[in-house]
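>>> Sharing a sequence plus its predicted fold:
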Amino acid sequence: MKKSLSQRLAILSDAAKYDASCASSGSGRRDSAKSGGLGSTTGNGICHAYTPDGRCVSLLKILLTNFCVYDCAYCINRSSSNVERARFTPEEVVWLTLEFYRRNCIEGLFLSSGIIRSSDHTMEQLVQVARDLRLKHGFRGYIHLKTIPDASPRLLEEAGRYADRLSINVEMPTVAGLEQYAPQKKAGGIRQAMGEMRLKIDAGKERSHTGRRAERFSPGGQSTQMIVGADAASDQDILASSANLYGSYGLRRVYYSAFSPIPDASALLPAKSPPLQREHRLYQADWLFRFYGFAFGELTAGRADGMLDLELDPKLAWALDNRALFPVDLNRASKEMLLRVPGLGVKAVAAILRARRHQAVRLEDLARLNVSIRKVRPFVQTPGWSPARLTDRHDLRSLFSPAPQQMSLL
Amino acid sequence: MTRYVLTLEDNADFEPWREMARAALQRAVLPEALDWRIRGGETDLFGQITDNGDGLEALTAVPVVKTVTLRASCLALLRDMLCHSDPARFALAYRIAWRVQGNPHLPEVATDADIARARQMVRQNRQDCHKMMAFVRFREQPVPQREGQGGERRRFLAWFEPQHHILERIAPFFAKRFTDMDWIILTPRGSICWDGKDLAYSSEPCEQPELDDGFGELWDTYYASTFNPARVRTKAMRREMPGRYWKNLPETRLIPQLVAGAEVRVRTMAEQELQPAPAFHERLRSREQLPAEPMLDTTETLEGLAAQIRTCTACPLHCSATQAVVGEGPADARIMVVGEQPGDQEDLAGRPFVGPAGQLLHKALGEAGVDRGALYLTNAVKHFRFRLQGRRRIHQSPDVGHVAACRPWLEQEIALVRPKLIVSLGATALRALDGPGMAMADVRGTSWTVGTGENAVRRLALAHPSWLLRLGEGAQGNAERRNFSKGLTRLREFLDQPGT
């Protein structure tokens, strides 16, 4: 019996949820005031709900189909899994997107698909959904399309024209990991596709000498995802891989997805709870790279096993390893150095830089900037406050570590 | 000190306050002398509702003593904070406006107590706007039937409870997003209404309507299915979606059962026994077992060689590069041009000489009258070597080891194309072709012959175009660019001679 739309929605959103990417940002501002149609993007993205796993619901994240010819060990949709299979027609996806959008439940669509028949056939279907949304229905909301590595350049170009963001998942941080767990995927092919997309995205941003805009191509850039904890890669390997991805392909985001158990899991992978804390630390490291001027190498340099400290955030751990650079004078230090002070965020640093032009910043002022004084105290110096020997205390770390907890007996 | 009582509506924001504040500032009234009240709500210290409306009249009766201006940045801050619902906002705004007269930089001092509070209000207003954009849920309403009219606009209704007086600020967002439908958003602080042409406001408090269009079930299905039971983190959820919003978000009804059932679902996954793979999996895999296409012979064609080069792992450069960049040009080209290695653009595109240095080469070739299509272009090293600096890749010259590892590929390319003239660009290509004996400075621009008889090949050593780019516009740069162009004219001369 044919499954109802609701049943298929359940199957195909369940199948898509292991992709962490949910951003609806980075595509600039656009609205329907002139066209009189439907949809807008604000540039910042909006999260319309949160599920109890702490993740936001921003885009309607579904697969066109969860049939797949690939057999990637970590994936719920691999061909050897007995998971229930279903498919949407492109028209159904368009209808669902528009109806959810009209009720303000979503910012747009994140569409991916299992590989059926050929790469081109699959990509053609994804592109058709985006094309119909844009051209037939005047939809101006956000569209994120997954790109199939070997699809033809013509389809890629069309995808870039309609989508706000494109992505291809590298899946595993190392080539060896990919060969082991995703034998049908080729690291080289993924990189080539990313390189091609970067060139097109860059070209799409350029203007000719007469000021004419180039044809639109994925204005929100491209992103990717790595699975953390399925293979033996250390945090250092993962971050080195990220550094290369950011540098080589100008990615907007690299998502880290803690490998979480799936129904009917492959024997290759043990069913254990996902390493959420590790994932969290990786995101923090990623943030430090993107917004705080840290190099990934610095963050793992002090760690013998190449793993980030699970107890302390990477910035604090780095500061404790580099105490010679502290305390920092809040009223004199450069922006770069202020950004490295544990407890000071990008906004607090900007506020300090502005305020100190007009008057001296004191330790107690930081409370008004929503900064935790307890955390910054050992690392800064202001009129009226000097940490003196606090910075050099050998047990400084223990002041920040979470309190030890009694293990449960049972 | 004369005191003045100034009374504003509960939902008053910037404009009405501005009138009063301007009058008071022009008369140099100290902040302490003003008593800002909300109409109908506030009572004074003794529990009496003071007579409203007299304050402004009494104030304007006093003569003006000065003119007042506020900077745009200060006005923006006040405008953004005054839609807050805190009744103390008017007094705070006046205090800031007063203090700014003596210290125009005050709005930038985020560590000041008044400014800190004002900024906090701005943040809260902005957050309230953001949550409204996120959590308003429209429900479809039936369109009344009218005869003879097709293509009716669909109608939607929503209920939301904002914390602050943000309706006028947020209304344009909804109008520009839901342009092709009619909608009304009702709130306890008023309502907004859009009919495709005009945006109408009302400050009349609304009652919560009954809303259901039967679509909620589908959304519930999505919400429940997109939740991953193996990673329950309700704290993170509550931080972003505080409990006060839940009552107007129907999907949150599901949260208790989702959380309660999560543990069992995860345990079931862990305990599930391995099952035989479905039949179509076996069919797919057996198709894979078929013998692959026969490998092309590398020694016979350039395509076969290229396929081999693309899988090369002879040195570590393949780990970080995107792809091996193989040579390009006719298989019977009489001239082969050998560069150093692919650069950033070549690495991404998978083709040689497409970046800035390549463009310089093409331009110079064109000026020298050489048809680029007649040349076989390749590199001494096939993978891009670079070092990462933040988000940028900085080119690094390949080591002797990388050149040596790639040498066999270059030799095979030469053996297949059999060029009569090989042009090396830069020191790396020179070394790859002629070994370590020659210094670039000695041979740049010179030409010689290697081999004898049938195997005789002319060699020409030129500078690498990227070096010319680095030299810039100075005297040396101009001189070297001229030398380079002169060297390229030899290519045309060579092509023009028949039968060499």
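Arrived safely, thanks for sending.
>>> Give me the pLDDT for B:Asp51.
In this model, B:Asp51 is scored at 51, pLDDT.
>>> Stretch B:274-287 close to chain A?
Yes - between stretch B:274-287 and chain A, judged by Cβ under 8 Å from any Cβ of the partner chain, the touching residues are B:Leu274, B:Gln275, B:Ala277, B:Pro278, B:Phe280, B:His281, B:Leu284, B:Arg285. To be clear about C-beta, it is placed using only N, CA and C from the backbone, and glycine gets the same treatment.
>>> CA-only coordinates of that stretch, as PDB, when you get a sec.
Extracted C-alpha coordinates of stretch B:274-287, given in PDB (Å, rounded to 0.1, in the frame of the first residue of the first chain):
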ATOM      1  CA  LEU B 274      22.200  -7.500  13.100                       C
ATOM      2  CA  GLN B 275      19.800  -8.300  10.300                       C
ATOM      3  CA  PRO B 276      20.500  -9.600   6.900                       C
ATOM      4  CA  ALA B 277      20.700  -6.800   4.300                       C
ATOM      5  CA  PRO B 278      17.800  -6.300   2.000                       C
ATOM      6  CA  ALA B 279      17.700  -8.000  -1.300                       C
ATOM      7  CA  PHE B 280      18.400  -4.900  -3.400                       C
ATOM      8  CA  HIS B 281      21.600  -4.300  -1.500                       C
ATOM      9  CA  GLU B 282      22.900  -7.700  -2.600                       C
ATOM     10  CA  ARG B 283      21.900  -6.900  -6.200                       C
ATOM     11  CA  LEU B 284      23.800  -3.600  -6.100                       C
ATOM     12  CA  ARG B 285      26.900  -5.100  -4.600                       C
ATOM     13  CA  SER B 286      27.000  -8.000  -7.000                       C
ATOM     14  CA  ARG B 287      26.900  -5.500  -9.900                       C
END
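>>> quick one: buried residues of that stretch?
B:Ala277, B:His281, B:Leu284 (16 or more other Cβ atoms under 10 Å in any protein chain shown).
>>> Next: stretch A:144-160.
Per 16+ other Cβ under 10 Å, stretch A:144-160 contains these buried residues: A:His144, A:Leu145, A:Lys146, A:Thr147, A:Ile148, A:Pro149, A:Ala151, A:Leu155, A:Leu156, A:Glu158, A:Ala159, A:Gly160.
>>> Can you classify residue 180 by secondary structure?
Here I'm looking at chain A. Counting by DSSP: H, G, I helix; E, B strand; the rest coil, the backbone at A:Gln180 sits in helix.
>>> try chain B instead
Going by three-state DSSP: B:Asp180 is coil.
>>> so who does it touch?
A:Ser32, A:Gly36, A:Gly37, A:Leu38, A:Gly138, B:Arg153, B:Gly196 (Cβ atoms under 8 Å, 6 or more residues apart in numbering or on different chains).
>>> Which of those are buried, as a ChimeraX select command?
Restricted to buried positions by 16+ other Cβ under 10 Å, the ChimeraX selection for these reads:
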select /A:32,37,38
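>>> Make CSV out of the contacts of B:Asp180 and add pLDDT, secondary structure and distance to B:Pro256.
Below are the contacts of B:Asp180 laid out as CSV (pLDDT from 0 to 100; DSSP: H, G, I helix; E, B strand; the rest coil; distance: Cβ to Cβ, whole Å):
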residue, pLDDT, secondary structure, distance to B:Pro256
A:Ser32, 91, coil, 38
A:Gly36, 87, coil, 42
A:Gly37, 90, coil, 39
A:Leu38, 94, strand, 34
A:Gly138, 93, coil, 40
B:Arg153, 89, coil, 38
B:Gly196, 89, coil, 41
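>>> and the residue of chain B nearest chain A?
B:Ala236 (3.0 Å; Cβ to the nearest Cβ).
>>> Quick one: neighbours of that residue, just the number.
18 (other Cβ atoms under 10 Å in any protein chain shown).
>>> OK, contacts around it?
Contact analysis of B:Ala236 by Cβ under 8 Å, 6+ apart lists A:Tyr50, A:Gly54.
>>> ok, and for the helix or strand harbouring it, which residues are buried?
Per DSSP states H and E, B:Ala236 falls inside helix B:234-240. Neighbour-count burial for helix B:234-240, with 16+ other Cβ under 10 Å as criterion, is recorded at B:Ala236, B:Met237.
>>> Downstream of that helix, the next helix or strand is which one?
Next along from helix B:234-240, by DSSP H and E: helix B:255-271.
>>> and that following helix, is it in reach of chain A?
Yes - with Cβ under 8 Å from any Cβ as the measure, helix B:255-271 is seen reaching chain A through B:Ile255, B:Leu258, B:Val259, B:Ala262, B:Val266, B:Thr268, B:Met269, B:Ala270.
>>> outside of that helix, which residues touch it?
Counting by Cβ under 8 Å, 6+ apart, A:51-52, A:261-263, A:265, A:271, A:273, B:224, B:227, B:229-230, B:232, B:234, B:237 sit against helix B:255-271.
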